[in-house]
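K.L.:
the following block contains a protein sequence and its predicted model.
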Amino acid sequence: MLGSHGLHMSATAVDDAAALQAKFTAAVHRHHFELVSRGMPPNQACALALRVAAGQVSLPMKLSDIYAALATASQDGNYSDMCKLIRSYFASPDALYASFWPQQQPACAAQYANASSQQHQHLPGSADSSVWNNLHNGANSNSNISSATTNDSSNRLPSSSSSSPIAKHSSRKQQSQLPTWLQVDFAAVQELHDQLQSCKQESVRDALLEGSQQLLLHMTDACKQGLSNPGFCRQVCGLLANPWLEHLECHHLVAGIAAVLWELQQPQTGRMFVENRVDNCCYKGMLQLLFLSWRATEMRRAVGFLQQYITITLYQQQAIVPGIEAATKLLGLLEAANSSSRVLDATEFYNDVVNEPDFNIKQDYKHWMQHNHSFSFCSHAWIYDPASKSKIMQLENQMQQLQAFESSMIRAFMGGPAMPFLLLKVRRGPYLLGDTLLQINRAKNDGNLKKPLKVKFVGEEGVDEGGPQKEFFQLLVRQCFNPEFGMFVYSDETRLHWFHASNINLDTEFELIGILIGLAIYNSHILEFQFPMVLYKKLLGQPVGFDDLAELHPDVHRSLQRLAAMSAEELQGLGLTFQIETEGGFGERMPVDLQPDGGNIAVSADNVDLYCKLYTQHLLVGSINHQFDAFQRGFSRLCSGSALHFFRPAELEM
């Protein structure tokens, strides 16, 4: 009897377990169907459906429920229930995770299984997730230009400058290559916030703020506890799309959002689980990719309220408080993304109050120079406009001049020569350039270039208080860039100067010209000459490519564009090879291989892009390599300080 009873109990338990399993499976399918119908990808919907069926979380409310409640509240004028929904919705990571998916998912249950199997390949860590893998592998690299020491470039993204005459990737294609968890319907996010703001109810605003503050706590706790937060990007979008952040009464939330997002992207705290995979810099990487995917609308809104917060708080507090630090750092993440996506003009990152004459830029520069980890806007130099950056460069130069002056006086006190200035005695006319280069070369060898400059024209009375210097540099520029001098060429079409490409060794002369231009900048003089933007990019250590060719050699740029668009038959008919002709030292033409044995490599449809790239590099780099290197060497003798790298190429040109 006991044995039979035990078998009966065992069979009952099996039946109960099977029933529970069937019930659980049905619940999973039901929730999965519901979530996919909202636009969630099948894999993400399945993960959330399992948690809901297991009782770990509740099924997130629908976005349509918010709109329905808003319509009801607008009709009867009672917003209390509406506020409860808003507070719960924006405080719930799961509700935001289930919302704002692009409406491109399968619409019927028969397609779910097939879509689910296809969706797996787009998860982080899967075989073809190239964008994710590239970000993961390069998340900690600081491979950008030398502004890394000043412009938050540890957060910078790879440059988007083109090196090919044909654009290979559209923004839509780039969006489709993003990991699934980064695909956000930005228009839907903004539409919800705009609808909430349109009701003009303080109670709705307060409910949204309270929910957002609760969400920030969830985000922080998930990070500290190492919990999964796959909806992170939607949470960030929901927070930063809030139009009420522009209002003074909501500025405390701006500071809170900035502080949390900056903390989460730090290496020591920015660890999380994403789709059951740990990534060391996931929060940082997700923020970078998210901001890079933003359109101008999203970027401008976030930049606007952060700038407003910094401006108003500086005016009110007359001090740099922690909220300003956090907002500036978050703004730096946006600026880093924008430097690649270029959806906004760089001028939108200039801050009005920081660039006002009353702002103590000298004190800010001193804080930065002390390297004591105190906050300085100089560490985020993109916030300064060109005029402010010029002031900082002047401060840097003045400090170096003072050091050179004091060193000279100390040597004089010890019995050495008493010459605290760099005194140039020059003759006018055809002797001016020769006299200058001779004395500059001597000053270079004696280490006197960084002393304060004084200029005296031989045979003329008067003390140099700036006027003679200005005239001196104006006269020098005319002679140095005279085509008859043979160092630079001038284009009537572009009205630009460029290095004369030849194999004649003029390294010494080009170095001295670089010193002269550096000397003018070092002594706060603006020179009247026109170089293309590519020169300033090269001086700042930035890569140059095909796009840069358009300004300097527009005819060649157009020709290469046409070449790249030709058919295979047309290219074959031209008979081009990877060998070109260039000018030698005295006007003769000589062959140059763009790659080894280039004369025997025909240009075809398969390698025409490479041909255009190598041709571009030859014109912008290889053909004038010796001239530019000598010029840069001389220029850097006086303008090699950190302040130089505060400038963007366009700003340096100004």
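P.N.:
Right, received. Where do you want to start? Numbers count the residues shown, from 1 in each chain.
K.L.:
contacts only, for the spatially closest residue to Glu210 that is not a sequence neighbour.
P.N.:
In space, not counting the residues next to it along the chain, Glu210 is nearest to Arg87; the distance is 5.4 Å by C-beta to C-beta, 6 or more residues apart in numbering. C-beta coordinates here come from the backbone N, C-alpha and C atoms, glycine included. With C-beta atoms under 8 Å, 6 or more residues apart in numbering as the criterion, the residues that contact Arg87 are 207-208, 210-211, 214.
K.L.:
which stretches of the stretch 151-300 of the chain have low pLDDT?
P.N.:
The model of the stretch 151-300 of the chain has pLDDT under 70 over residues 151-178, 266-282.
K.L.:
quick one: the helices in it?
P.N.:
With DSSP state H, counting those that start in this stretch applied, the stretch 151-300 of the chain shows helices at 171-176, 186-198, 202-225, 232-240, 251-264, 282-293, 296-317, listed in chain order.
K.L.:
could the ones you listed go into JSON lines alongside mean neighbour count?
P.N.:
Supplementary listing: the helices of the stretch 151-300 of the chain in JSON lines, determined by neighbours: other C-beta atoms under 10 Å:
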{"stretch": "helix 171-176", "mean neighbour count": "11"}
{"stretch": "helix 186-198", "mean neighbour count": "16"}
{"stretch": "helix 202-225", "mean neighbour count": "18"}
{"stretch": "helix 232-240", "mean neighbour count": "24"}
{"stretch": "helix 251-264", "mean neighbour count": "21"}
{"stretch": "helix 282-293", "mean neighbour count": "23"}
{"stretch": "helix 296-317", "mean neighbour count": "18"}
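K.L.:
okay if I get those as JSON lines plus distance to Ala630?
P.N.:
Putting these into JSON lines (distance: least, C-beta to C-beta, whole Å) gives the following:
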{"stretch": "helix 171-176", "distance to Ala630": "40"}
{"stretch": "helix 186-198", "distance to Ala630": "50"}
{"stretch": "helix 202-225", "distance to Ala630": "52"}
{"stretch": "helix 232-240", "distance to Ala630": "49"}
{"stretch": "helix 251-264", "distance to Ala630": "43"}
{"stretch": "helix 282-293", "distance to Ala630": "38"}
{"stretch": "helix 296-317", "distance to Ala630": "41"}
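K.L.:
of all these, which lies closest to Gln479?
P.N.:
Ranking the helices of the stretch 151-300 of the chain by their distance to Gln479 (criterion: C-beta to C-beta) puts helix 296-317 first, at 45.6 Å.
K.L.:
so what touches the closest one?
P.N.:
Defining contact as C-beta under 8 Å, 6+ apart, one finds that helix 296-317 is touched by 186, 190, 237, 240-241, 243, 245-246, 248, 251, 254-255, 258, 291, 294, 320-321, 323-324, 327-328, 330-331, 334, 337-338, 341, 343-344, 348-349, 351-354.
K.L.:
now for the helix or strand that that helix is followed by, which elements pack on it?
P.N.:
The C-terminal neighbour of helix 296-317 among helices and strands, as given by DSSP states H and E, is helix 322-341. Contacts of helix 322-341 with other secondary structure elements, assessed using 3 or more C-beta pairs under 8 Å, 6 or more residues apart in numbering; DSSP states H and E, are made with helix 251-264, helix 282-293, helix 296-317.
K.L.:
would you list those helices in JSON lines and tack on distance to Arg589?
P.N.:
Shown next, in JSON lines, are the helices and strands packed on helix 322-341 (distance: least, C-beta to C-beta, whole Å):
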{"stretch": "helix 251-264", "distance to Arg589": "58"}
{"stretch": "helix 282-293", "distance to Arg589": "46"}
{"stretch": "helix 296-317", "distance to Arg589": "48"}
